[in-house]
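Sequence unavailable; structure follows:
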């Protein structure tokens, strides 16, 4: 068995396309690919990213997409523009935080979103964002489990059964997940917390290589031999690294 995974995209359609090209070169056009969320915000073409993935699924590609915290916010904004994500560091609505909401709305044709009143922006967004995009984002699953790995956006609450995990944790958690060295029963493949390069920690594999900050969109392969980072020169083994204390 083999499965491929693609890390955080953040509106970078060019990076997503390159990641898929690497997957196709490694596993063929019919490869199963799990995307670990944060499709939108910050980059220039969130709309294009959503449409690309929807089109692929509609064409019968074996593509799974799990929900990231950024993906959760656009549908919530369309429902209630004053909604505030309870786990956000800044307790402001999506458009009022420095998370790339204006760039996402610009990709749907709404310019200068931050200068508009809440009411005007909401009205324009309801007209500009296709309903099928909003419904697709809202309906993304929070996790995907295979014999090789559990795929989630942010992480899991250690020691809690998967069926009892809270969706907000799966989309937002950092501590205590990142600092926990225990075996979770299956390798957890996640993103959400950017690293310079996809990194294997033994019990988890972080594939968010900082697309939101100008890094690449990572593509990896998992198989019975281990985990592999896909690059222009082919797959490179991802060797589990010893756990280091995280900087303050």
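Perfect, thanks for sending it. Here the structure is a predicted model, which means the values were calculated and not measured.

Residue 86 sits in which helix or strand?
Taking DSSP states H and E as the definition, one finds residue 86 inside no helix or strand.

Can you get me a residue count around it?
For residue 86, the count of nearby residues is 8 (other CB atoms under 10 Å). Bear in mind the C-beta positions are built from the backbone N, C-alpha and C, glycine included.

residues contacting the spatially closest residue to residue 82 that is not a sequence neighbour?
The shortest distance from residue 82 to any residue that is not its chain neighbour, by CB to CB, 6 or more residues apart in numbering, is 5.4 Å, and that residue is residue 93. By CB atoms under 8 Å, 6 or more residues apart in numbering, the contact list for residue 93 reads 77, 81, 82, 83, 84, 118.

From those residues, list just the buried residues.
A residue is treated as buried here by neighbour count (16 or more other CB atoms under 10 Å); on that basis the buried members of these are 77, 81, 84.

what does the helix or strand harbouring the first one rub up against?
Secondary structure here is read from DSSP H and E; on that basis residue 77 sits in helix 69-79. Under the contact criterion CB under 8 Å, 6+ apart, helix 69-79 has outside partners 10, 37-41, 83, 85, 87, 93-95, 99-101, 104, 122, 125-126, 129, 134-135, 137-138, 140, 153-154, 171-172, 192.

Give the PyMOL command for selecting the buried subset of the residues you listed.
A single PyMOL command is used to select the members of the contacts of helix 69-79 judged buried by 16+ other CB under 10 Å:
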select buried, resi 10+37+38+39+40+41+85+93+94+95+99+100+101+104+122+125+129+134+137+140+153+154+171+172+192
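
where does this structure dip in pLDDT?
Residues of the chain that meet the criterion pLDDT under 70 lie in 242-248.

spatially speaking, which residue is in the middle of it?
Centroid check for the chain by CA atoms, centre = their mean gives residue 37 as the closest residue, at 1.8 Å.

element containing it?
When secondary structure is defined by DSSP H and E, residue 37 falls outside every helix and strand.
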